[in-house]
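Asker: Predicted coordinates and the sequence they were generated for:
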Amino acid sequence: MHDVLDLGDILSDELAQRRESGFDVADLEAEVRAAIENGSSERRRKLLEELEGRPLRADWSYDEPSDWEAIQATLRRPDMPAVNLDEAGLRDRLAGAWLGRCAGCNLGKPVEGWSRERIRRYLDVAGEYPIDDYLPRLDPFPDGLELNWCWPETTRGNIRFMARDDDTDYTILGLHVLEEHGFGFGPEQVGQEWQHHLPFAQTYTAERAAYRNMIHGLQPPETATVHNPYREWIGAQIRGDMWGYVSPGDPAAASQLAFHDASLSHTQNGIYGEMWASALIASCFVASDLRTAIETSLGFVPDRSRLAEAVRHVIGLFEDRRSWDDARDEIEAGYGHYSFVHTINNSAIVTAALLWGAEDFTRTIGLAVEGGWDTDCTGATTGSIFGAMFGAGALPSRWVEPLNDRISSAIAGFDNSRISDLVERTEALVYRHRAMKPGGTGGG
C-alpha cells in the first residue's frame, strides 16, 4: 500500500491526488481502475502520463503555486514585534518545544492511523477518557483495539526514552543540516544529508518517492514531482519545527528555510504545511497567545490555498463557540476525504487542538490525539508549538520525566542522544542565525 516502487500503487494514488487538487480526471477513472486490477506496466505508465497531462477544472477556485517567487506573491507577511528573550527564556522555550514534540509524538504513536471513534472506544474501555497521561496498555487487548506495534516503548509505565519516530528524526536531521551547511542550504543539500544519514527504509510516502528519484539521478524540483502522488501529504509538515526553533520571532525566515526543505519532496499544500508549521512556531516566541500566533502564521501560506481555507474554517468554528465534538464533526465533513496522512486534514486537527486546548498542555496534545488520523504527527506538532509558546515549565512532569532526557533516532550518529544536548545545539544555531543578519549581535 502506497509503495513508491509499485506502479499500480502510484497510479491509484496519483488518481486520488489529481482529483483532490482540481484536475479533470473523471473520464479516466474506470480505465485506471481496470489497469490497476489487471493491466500491464506499459498500460499503467501510459495512464500515469495521461493523468499528469490533465488540465485543471474550469471551476477550480484555488491558487496554489509551488515555486518560491509565485508563493511569495500570494503572501500577506505580517510584521512581527521585536524578539526580546533573554538567554534563560530562550532556552526554556526551546526545551519546551523539543520536549513537547517528544511527549506529543510518544502519546500518539500507539494509535497512529486510528479513527477518532476507535480511539474513543479504547479510552472508554480503559476508563481513560479524556486523555490525561500516556496511554495505558490494556491486557489483554480488546478485540479490534490492539495498539500499534510500538506499544512496549510508548505506553504508560513502559517509556524509558523518546521512541524512534520520523517526526523526531527529521527535527534532528534539520539540526544537522544547519550545522553542516548553514542557513543558506537548499534542497540539494537536504537530499545529500538524507542519503548520508537517513536509511531509505525509514522514509515513507513522499520522502521515499523523493529518495527514489534522487537515487535515479533526478534533482529538485523533479524529485518532488516525478511519480510522487504523496507530494501534498504530511511528510514535509513534520519536518518544519527546526526552522521555527532557530528563527524565534521571525516567521518569514522560518518559512523560507521550510520551503528549501519541503521542495525536495513536496509541492503546493505539502510545501505550505511545512511553511505554516515553521512560521507558527517562530511566531510563538513573541506572540501574546496561540490564537495570535495562528493568525500570524496564515500570513505565510497562500491565501487562496486549501490549507489556508481549512485553518480559517477551524478558527471560525472556534469563534462561533462550537464544542470540540461539533468542530471535529465539521473537520470530518470538510476534510475527511483526504488520506489520514494528508497535510490539510491534519493541519485542521492541529489548529483545533491548539484553540480548544485552552492553554493546557495535557488537554492540547490529548485533543490532537483524540482527533484521530495521523496522531503521532498531530501530537508532536501541537506539543512542539505549545512548548515554544509557554516553555518547558508549562509541561507537567508526568509527560517529561519518563523520557529520561533520551531520544532514539534512525539518523546516523544521533541515536540515544540527550534531548538537553539537542536543545543546547539548537540554541547555538539561534545565535548563529542572528549574527548572520544585518545588525545581528548574536546575543539574546
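Answerer: Cool, got the structure.

Asker: rest of the way, CA atoms for contacts and neighbours
Answerer: Fine.

Asker: following the lengthiest helix in the chain, which helix or strand shows up next?
Answerer: Secondary structure assigned by DSSP state H gives helix 87-108 as the longest helix of the chain. Later in the chain than helix 87-108, the nearest helix or strand by DSSP states H and E is helix 116-126.

Asker: Enumerate the positions of that next one that are buried.
Answerer: Across helix 116-126, burial judged by 16 or more other C-alpha atoms under 10 Å covers 116, 119, 120, 122, 123.

Asker: same deal with stretch 301-316?
Answerer: So stretch 301-316, judged by 16+ other C-alpha under 10 Å, has buried residues 301-303, 305-315.

Asker: And the residue lying closest to residue 389 once chain neighbours are set aside, how far from residue 359?
Answerer: Using C-alpha to C-alpha, 6 or more residues apart in numbering and skipping the chain neighbours, the partner closest in space to residue 389 is residue 284 (4.7 Å). From residue 284 over to residue 359 the distance is 13 Å, taken as C-alpha to C-alpha, to the nearest Å.

Asker: Please say which of these two ends up with more neighbours.
Answerer: The residue with more neighbours, out of residue 284 and residue 359, is residue 284; 30 against 17, by other C-alpha atoms under 10 Å.

Asker: give the contact list for the more buried one.
Answerer: Residues near residue 284 by C-alpha atoms under 8 Å, 6 or more residues apart in numbering: 248, 249, 290, 293, 385, 388, 389.

Asker: Give me the subset of the buried residues of stretch 301-316 that lies in strands.
Answerer: Assigned to strands by DSSP state E, none of those qualify.

Asker: Let's see which of those end up in helices.
Answerer: Among the buried residues of stretch 301-316, the residues falling in helices (DSSP H) are 306, 307, 308, 309, 310, 311, 312, 313, 314, 315.

Asker: can you redo the residues you listed as TSV with distance to residue 28 and pLDDT?
Answerer: Formatted as TSV, those follow (distance: C-alpha to C-alpha, whole Å; pLDDT from 0 to 100):
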residue	distance to residue 28	pLDDT
306	24	98
307	27	98
308	30	98
309	29	98
310	28	98
311	32	98
312	33	98
313	32	98
314	34	98
315	37	98
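
Asker: which among the residues you listed gets closest to residue 175?
Answerer: The closest of those to residue 175 turns out to be residue 307 (C-alpha to C-alpha; 26.5 Å).

Asker: And the closest one, how far from residue 322?
Answerer: For residue 307, the distance to residue 322 - C-alpha to C-alpha - is 21 Å.

Asker: before we move on, what about residue 37?
Answerer: Per C-alpha to C-alpha, residue 37 is found 44 Å from residue 322.

Asker: Three-state assignment for residue 175, please.
Answerer: Put simply, residue 175 is helix when judged by DSSP: H, G, I helix; E, B strand; the rest coil.

Asker: dump the residue contacts of it.
Answerer: Neighbours of residue 175 in contact, by C-alpha under 8 Å, 6+ apart: 242, 425, 426.

Asker: contacting residues for the last one?
Answerer: Taking C-alpha under 8 Å, 6+ apart as the contact definition, residue 426 lies against 94, 175, 245, 246.

Asker: do that again at 10 Å, thanks
Answerer: Contacts for residue 426 (C-alpha atoms under 10 Å, 6 or more residues apart in numbering) come out as 91, 94-95, 98, 172, 174-176, 178-179, 242, 245-246, 420, 432.

Asker: Confirm it sits in a helix?
Answerer: Yes: under three-state DSSP, residue 426 falls within a helix.

Asker: What segments of the chain are strands?
Answerer: So, for the chain - with DSSP E - the strands run 406-407, 417-418.

Asker: Any buried residues in stretch 275-294, and which?
Answerer: Buried, per 16+ other C-alpha under 10 Å, within stretch 275-294: 275-287, 290, 293-294.

Asker: So what's the gap between it and the chain middle?
Answerer: The chain centroid and the centroid of stretch 275-294 are separated by 15 Å under C-alpha atoms, centre = their mean, to the nearest Å.

Asker: For the residue lying closest to residue 108 once chain neighbours are set aside, the count of nearby residues, please.
Answerer: Among residues not flanking residue 108 along the chain, residue 376 sits closest, at 4.0 Å (C-alpha to C-alpha, 6+ apart). For residue 376, the count of nearby residues is 29 (other C-alpha under 10 Å).
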